[in-house]
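A.B. asks: Predicted model and sequence below, questions to follow.
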Amino acid sequence: MEAQKVDMFIMSNGKYFESHHVNAIRNSLIAADDSKWPMLSVTQFNDPSTILIVSIFAGQLGIDRFMIGDTGLGVGKLLTCGGLGIWAIIDWFMIQSATREKNMEKIQRILG
Amino acid sequence: MALTSNKLYVLIATACCVGYAWLFFNISENFTDSNNFTVCLFKEVTHVPCPSCGTTRGVISLSKGHFLEAIYTNPFSVIIAAIMIIAPIWIVLDVVRKKRTLFQFYQKAEKLLIKPKIAIPLIVLVLLNWIWNIAKGL
(Lines give C-alpha, C1' and ligand atoms only; values in the text may rest on other atoms or scores of the structure.)
Protein backbone atom coordinates (compact mmCIF):
# COMPACT_ATOMS: atom_id res chain seq x y z
CA MET A 1 0.00 0.00 0.00
CA GLU A 2 1.06 3.60 -0.49
CA ALA A 3 2.94 5.09 2.43
CA GLN A 4 0.69 8.14 2.45
CA LYS A 5 -2.46 6.06 2.80
CA VAL A 6 -0.89 3.98 5.55
CA ASP A 7 0.25 7.05 7.48
CA MET A 8 -3.25 8.48 7.25
CA PHE A 9 -4.62 5.24 8.67
CA ILE A 10 -2.05 5.23 11.45
CA MET A 11 -2.81 8.85 12.32
CA SER A 12 -6.52 8.32 12.66
CA ASN A 13 -6.39 4.85 14.24
CA GLY A 14 -3.11 4.86 16.17
CA LYS A 15 -4.86 5.41 19.50
CA TYR A 16 -6.63 2.06 19.18
CA PHE A 17 -3.36 0.10 19.35
CA GLU A 18 -0.52 -0.39 21.81
CA SER A 19 2.23 2.09 21.01
CA HIS A 20 4.80 -0.67 20.59
CA HIS A 21 2.58 -2.33 17.98
CA VAL A 22 2.09 0.74 15.80
CA ASN A 23 5.38 0.40 13.97
CA ALA A 24 4.78 -3.24 13.19
CA ILE A 25 1.27 -2.43 11.95
CA ARG A 26 2.70 0.32 9.70
CA ASN A 27 5.24 -2.07 8.20
CA SER A 28 2.73 -4.83 7.57
CA LEU A 29 0.27 -2.33 6.05
CA ILE A 30 2.91 -1.09 3.61
CA ALA A 31 3.70 -4.69 2.71
CA ALA A 32 -0.01 -5.56 2.38
CA ASP A 33 -1.92 -5.74 -0.85
CA ASP A 34 -4.14 -2.82 -1.93
CA SER A 35 -7.17 -5.11 -1.99
CA LYS A 36 -7.20 -5.11 1.83
CA TRP A 37 -7.85 -1.38 1.96
CA PRO A 38 -11.68 -1.34 1.53
CA MET A 39 -12.07 -3.91 4.29
CA LEU A 40 -9.63 -2.05 6.49
CA SER A 41 -11.21 1.36 6.05
CA VAL A 42 -14.64 0.16 7.16
CA THR A 43 -13.44 -1.84 10.15
CA GLN A 44 -14.57 -0.45 13.49
CA PHE A 45 -12.09 -0.64 16.33
CA ASN A 46 -13.07 -0.42 19.99
CA ASP A 47 -12.08 2.84 21.64
CA PRO A 48 -10.15 2.00 24.86
CA SER A 49 -11.53 5.11 26.61
CA THR A 50 -15.13 4.15 25.89
CA ILE A 51 -14.52 0.62 27.12
CA LEU A 52 -12.89 2.03 30.27
CA ILE A 53 -16.03 4.06 31.01
CA VAL A 54 -18.19 0.99 30.44
CA SER A 55 -15.84 -0.99 32.68
CA ILE A 56 -16.13 1.52 35.52
CA PHE A 57 -19.92 1.60 35.44
CA ALA A 58 -20.89 -1.86 34.21
CA GLY A 59 -17.72 -3.90 34.76
CA GLN A 60 -19.53 -5.82 37.51
CA LEU A 61 -21.81 -7.34 34.89
CA GLY A 62 -18.94 -8.12 32.52
CA ILE A 63 -20.32 -5.85 29.81
CA ASP A 64 -16.85 -4.44 29.09
CA ARG A 65 -15.55 -7.92 28.32
CA PHE A 66 -18.57 -8.70 26.15
CA MET A 67 -18.01 -5.49 24.19
CA ILE A 68 -14.42 -6.26 23.26
CA GLY A 69 -15.36 -9.81 22.27
CA ASP A 70 -14.14 -11.75 25.32
CA THR A 71 -17.50 -13.48 25.68
CA GLY A 72 -16.22 -16.29 27.88
CA LEU A 73 -14.58 -13.95 30.37
CA GLY A 74 -17.68 -11.74 30.24
CA VAL A 75 -19.90 -14.64 31.28
CA GLY A 76 -17.42 -15.45 34.04
CA LYS A 77 -17.53 -11.90 35.32
CA LEU A 78 -21.32 -11.75 35.14
CA LEU A 79 -21.85 -15.02 37.01
CA THR A 80 -19.35 -14.28 39.77
CA CYS A 81 -20.50 -10.72 40.45
CA GLY A 82 -17.36 -9.28 38.84
CA GLY A 83 -15.12 -11.92 40.38
CA LEU A 84 -16.29 -11.02 43.92
CA GLY A 85 -15.77 -7.39 42.97
CA ILE A 86 -12.01 -7.85 42.80
CA TRP A 87 -11.73 -8.77 39.12
CA ALA A 88 -13.99 -5.81 38.27
CA ILE A 89 -11.54 -3.44 39.97
CA ILE A 90 -8.49 -5.11 38.41
CA ASP A 91 -10.16 -4.74 35.01
CA TRP A 92 -10.41 -0.97 35.46
CA PHE A 93 -6.65 -1.01 34.96
CA MET A 94 -6.41 -3.95 32.55
CA ILE A 95 -9.26 -3.28 30.16
CA GLN A 96 -7.59 -0.56 28.09
CA SER A 97 -4.64 -2.70 27.10
CA ALA A 98 -6.94 -5.69 26.65
CA THR A 99 -9.00 -3.60 24.23
CA ARG A 100 -5.89 -2.58 22.30
CA GLU A 101 -4.77 -6.22 22.13
CA LYS A 102 -8.19 -7.20 20.78
CA ASN A 103 -7.94 -4.44 18.14
CA MET A 104 -4.52 -5.82 17.20
CA GLU A 105 -6.04 -9.29 16.79
CA LYS A 106 -8.75 -7.79 14.61
CA ILE A 107 -6.32 -6.03 12.26
CA GLN A 108 -4.15 -9.12 12.08
CA ARG A 109 -7.17 -11.14 11.03
CA ILE A 110 -7.80 -8.68 8.18
CA LEU A 111 -4.19 -8.55 7.06
CA GLY A 112 -3.43 -12.23 7.61
CA MET B 1 -4.14 -10.26 26.75
CA ALA B 2 -4.70 -12.88 24.11
CA LEU B 3 -6.11 -15.84 25.94
CA THR B 4 -3.79 -18.77 25.35
CA SER B 5 -4.74 -22.21 26.61
CA ASN B 6 -2.25 -22.07 29.50
CA LYS B 7 -3.59 -18.72 30.64
CA LEU B 8 -7.15 -20.02 30.49
CA TYR B 9 -6.30 -23.07 32.59
CA VAL B 10 -4.47 -20.99 35.19
CA LEU B 11 -7.34 -18.49 35.24
CA ILE B 12 -10.04 -21.12 35.71
CA ALA B 13 -8.00 -23.00 38.32
CA THR B 14 -7.38 -19.79 40.26
CA ALA B 15 -11.04 -18.83 40.00
CA CYS B 16 -12.09 -22.24 41.34
CA CYS B 17 -9.61 -21.99 44.24
CA VAL B 18 -10.84 -18.50 45.14
CA GLY B 19 -14.42 -19.75 44.78
CA TYR B 20 -13.88 -22.66 47.18
CA ALA B 21 -12.01 -20.42 49.65
CA TRP B 22 -14.86 -17.91 49.51
CA LEU B 23 -17.39 -20.70 50.01
CA PHE B 24 -15.61 -22.11 53.08
CA PHE B 25 -15.16 -18.60 54.47
CA ASN B 26 -18.88 -18.05 54.16
CA ILE B 27 -19.88 -21.42 55.61
CA SER B 28 -17.61 -20.96 58.61
CA GLU B 29 -18.95 -17.44 59.22
CA ASN B 30 -21.93 -17.03 61.46
CA PHE B 31 -24.89 -16.89 59.11
CA THR B 32 -26.54 -13.83 60.59
CA ASP B 33 -23.28 -11.90 60.22
CA SER B 34 -22.53 -13.07 56.71
CA ASN B 35 -25.85 -11.73 55.49
CA ASN B 36 -24.63 -8.21 56.15
CA PHE B 37 -21.26 -8.79 54.54
CA THR B 38 -21.09 -8.18 50.79
CA VAL B 39 -18.26 -7.60 48.33
CA CYS B 40 -20.65 -6.65 45.55
CA LEU B 41 -19.68 -3.13 44.41
CA PHE B 42 -22.98 -2.65 42.66
CA LYS B 43 -24.99 -3.43 45.78
CA GLU B 44 -22.74 -1.31 47.98
CA VAL B 45 -23.17 1.71 45.75
CA THR B 46 -26.79 1.49 44.66
CA HIS B 47 -28.34 -0.72 47.39
CA VAL B 48 -29.97 -2.66 44.56
CA PRO B 49 -28.94 -6.32 44.11
CA CYS B 50 -26.99 -7.18 40.96
CA PRO B 51 -27.94 -10.14 38.69
CA SER B 52 -25.60 -12.51 40.52
CA CYS B 53 -26.34 -11.43 44.09
CA GLY B 54 -27.34 -14.37 46.24
CA THR B 55 -25.18 -16.85 44.37
CA THR B 56 -23.08 -17.60 47.45
CA ARG B 57 -26.19 -18.22 49.54
CA GLY B 58 -27.54 -20.38 46.70
CA VAL B 59 -24.39 -22.51 46.49
CA ILE B 60 -24.36 -22.92 50.28
CA SER B 61 -27.96 -24.15 50.32
CA LEU B 62 -27.11 -26.41 47.37
CA SER B 63 -24.23 -27.92 49.34
CA LYS B 64 -26.74 -28.71 52.08
CA GLY B 65 -28.95 -30.43 49.53
CA HIS B 66 -31.70 -27.81 49.35
CA PHE B 67 -32.00 -27.70 45.56
CA LEU B 68 -35.22 -25.70 45.34
CA GLU B 69 -34.01 -23.18 47.88
CA ALA B 70 -30.89 -22.66 45.75
CA ILE B 71 -33.00 -22.09 42.64
CA TYR B 72 -35.18 -19.68 44.57
CA THR B 73 -32.20 -17.71 45.94
CA ASN B 74 -30.51 -17.41 42.54
CA PRO B 75 -30.61 -19.83 39.59
CA PHE B 76 -27.04 -18.79 38.77
CA SER B 77 -25.89 -20.77 41.80
CA VAL B 78 -26.68 -24.05 40.02
CA ILE B 79 -24.51 -23.01 37.04
CA ILE B 80 -21.71 -21.85 39.33
CA ALA B 81 -21.83 -25.05 41.37
CA ALA B 82 -21.71 -27.15 38.18
CA ILE B 83 -18.70 -25.19 36.89
CA MET B 84 -16.93 -25.42 40.25
CA ILE B 85 -17.35 -29.19 40.30
CA ILE B 86 -16.66 -29.93 36.63
CA ALA B 87 -13.86 -27.43 35.84
CA PRO B 88 -11.18 -28.74 38.26
CA ILE B 89 -11.81 -32.35 37.15
CA TRP B 90 -11.68 -31.31 33.49
CA ILE B 91 -8.43 -29.37 34.02
CA VAL B 92 -6.77 -32.30 35.82
CA LEU B 93 -7.91 -34.71 33.08
CA ASP B 94 -6.58 -32.39 30.37
CA VAL B 95 -3.24 -31.95 32.14
CA VAL B 96 -2.87 -35.70 32.69
CA ARG B 97 -3.82 -36.63 29.12
CA LYS B 98 -1.91 -33.64 27.68
CA LYS B 99 -4.91 -32.55 25.67
CA ARG B 100 -6.63 -29.19 25.36
CA THR B 101 -10.29 -30.21 25.26
CA LEU B 102 -11.37 -27.57 27.80
CA PHE B 103 -9.72 -24.81 25.76
CA GLN B 104 -11.36 -26.06 22.58
CA PHE B 105 -14.70 -26.24 24.37
CA TYR B 106 -14.22 -22.69 25.65
CA GLN B 107 -13.52 -21.36 22.16
CA LYS B 108 -16.51 -23.19 20.70
CA ALA B 109 -18.78 -21.92 23.47
CA GLU B 110 -17.52 -18.37 22.93
CA LYS B 111 -18.31 -18.55 19.23
CA LEU B 112 -21.75 -19.99 19.95
CA LEU B 113 -22.63 -17.42 22.61
CA ILE B 114 -21.90 -14.48 20.34
CA LYS B 115 -24.61 -15.49 17.87
CA PRO B 116 -27.62 -13.17 18.27
CA LYS B 117 -30.07 -16.08 18.22
CA ILE B 118 -28.49 -17.45 21.38
CA ALA B 119 -27.20 -14.24 22.93
CA ILE B 120 -30.50 -12.32 22.97
CA PRO B 121 -32.57 -14.97 24.83
CA LEU B 122 -29.72 -15.34 27.34
CA ILE B 123 -29.56 -11.58 27.90
CA VAL B 124 -33.33 -11.54 28.42
CA LEU B 125 -33.01 -14.40 30.92
CA VAL B 126 -30.29 -12.54 32.84
CA LEU B 127 -32.44 -9.40 32.91
CA LEU B 128 -35.47 -11.39 34.11
CA ASN B 129 -33.30 -12.93 36.82
CA TRP B 130 -32.16 -9.46 37.79
CA ILE B 131 -35.75 -8.21 38.04
CA TRP B 132 -36.58 -11.27 40.14
CA ASN B 133 -33.57 -10.54 42.37
CA ILE B 134 -34.73 -6.98 42.95
CA ALA B 135 -38.28 -8.16 43.62
CA LYS B 136 -36.98 -10.71 46.15
CA GLY B 137 -34.85 -8.02 47.76
CA LEU B 138 -31.75 -10.20 48.14
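C.D. replies: Received it, and whenever you're ready, just let me know what you need. Numbering: from 1, shown residues only, chains lettered A, B, ... in the order given.
A.B. asks: from here on, contacts and neighbour counts on C-alpha atoms
C.D. replies: OK.
A.B. asks: Contact residues of chain B facing chain A?
C.D. replies: Residues of chain B lying near chain A by Cα under 8 Å from any Cα of the partner chain: B:1-2, B:39-42, B:50-53, B:55, B:76, B:80, B:106, B:109-110, B:113-114.
A.B. asks: one more time with 10 Å
C.D. replies: B:1-3, B:8, B:11-12, B:15, B:18-19, B:22, B:38-42, B:50-56, B:76-77, B:79-80, B:106-114, B:126 (Cα under 10 Å from any Cα of the partner chain).
A.B. asks: Drop anything exposed from the residues you listed.
C.D. replies: For these, a burial check counting by 16 or more other Cα atoms under 10 Å in any protein chain shown picks out B:8, B:12, B:15, B:19, B:40-42, B:50-56, B:76-77, B:80, B:106-107, B:110, B:113-114, B:126.
A.B. asks: Residues in contact with whichever strand or helix holds B:Leu128: which ones?
C.D. replies: Using DSSP states H and E, B:Leu128 maps to helix B:116-136. Applying Cα atoms under 10 Å, 6 or more residues apart in numbering or on different chains, the contact partners of helix B:116-136 are A:78-79, B:47-54, B:72-76, B:112-114, B:137-138.
A.B. asks: What residues does B:Leu113 make contact with?
C.D. replies: Taking Cα under 10 Å, 6+ apart, one finds A:Thr71, A:Gly72, A:Val75, B:Gln107, B:Ala119, B:Ile120, B:Leu122 in contact with B:Leu113.
A.B. asks: Write the PyMOL selection for whichever of the residues you listed are buried.
C.D. replies: In PyMOL, this line selects whichever of the contacts of B:Leu113 come out buried by 16+ other Cα under 10 Å:
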select buried, (chain A and resi 71+72+75) or (chain B and resi 107)
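A.B. asks: and the contacts of B:Leu113 as TSV, adding distance to B:Ile86?
C.D. replies: Compiled in TSV, the contacts of B:Leu113 are given as follows (distance: Cα to Cα, whole Å):
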residue	distance to B:Ile86
A:Thr71	20
A:Gly72	16
A:Val75	17
B:Gln107	17
B:Ala119	23
B:Ile120	26
B:Leu122	22
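A.B. asks: Dump the contacts of B:Leu113 to TSV, plus pLDDT.
C.D. replies: Shown next, in TSV, are the contacts of B:Leu113 (pLDDT from 0 to 100):
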residue	pLDDT
A:Thr71	84
A:Gly72	85
A:Val75	86
B:Gln107	86
B:Ala119	86
B:Ile120	89
B:Leu122	88
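A.B. asks: is the helix or strand bottoming out on mean pLDDT in chain A anywhere near chain B?
C.D. replies: Ranked by mean pLDDT, DSSP states H and E, the weakest helix or strand in chain A is helix A:81-84, scoring a mean of 81. Yes: judged by Cα under 10 Å from any Cα, helix A:81-84 comes into contact with chain B through A:Cys81, A:Gly82, A:Gly83, A:Leu84.
A.B. asks: could you flag which of those are buried?
C.D. replies: A:Cys81, A:Gly82, A:Gly83, A:Leu84.
A.B. asks: Pick the one among those residues closest to A:Arg26.
C.D. replies: A:Gly82 (36.7 Å; Cα to Cα).
A.B. asks: Without its sequence neighbours, what residue ends up closest to that closest one?
C.D. replies: Nearest non-adjacent residue to A:Gly82, counting by Cα to Cα, 6 or more residues apart in numbering or on different chains: A:Gln60, 4.3 Å away.
A.B. asks: Which of the three states applies to the one you found?
C.D. replies: Following DSSP: H, G, I helix; E, B strand; the rest coil, we place A:Gln60 in the helix state.
A.B. asks: ok, it touching A:Ile90?
C.D. replies: No: contact between A:Gln60 and A:Ile90 fails when scored by Cα atoms under 10 Å: they sit 11.1 Å apart.
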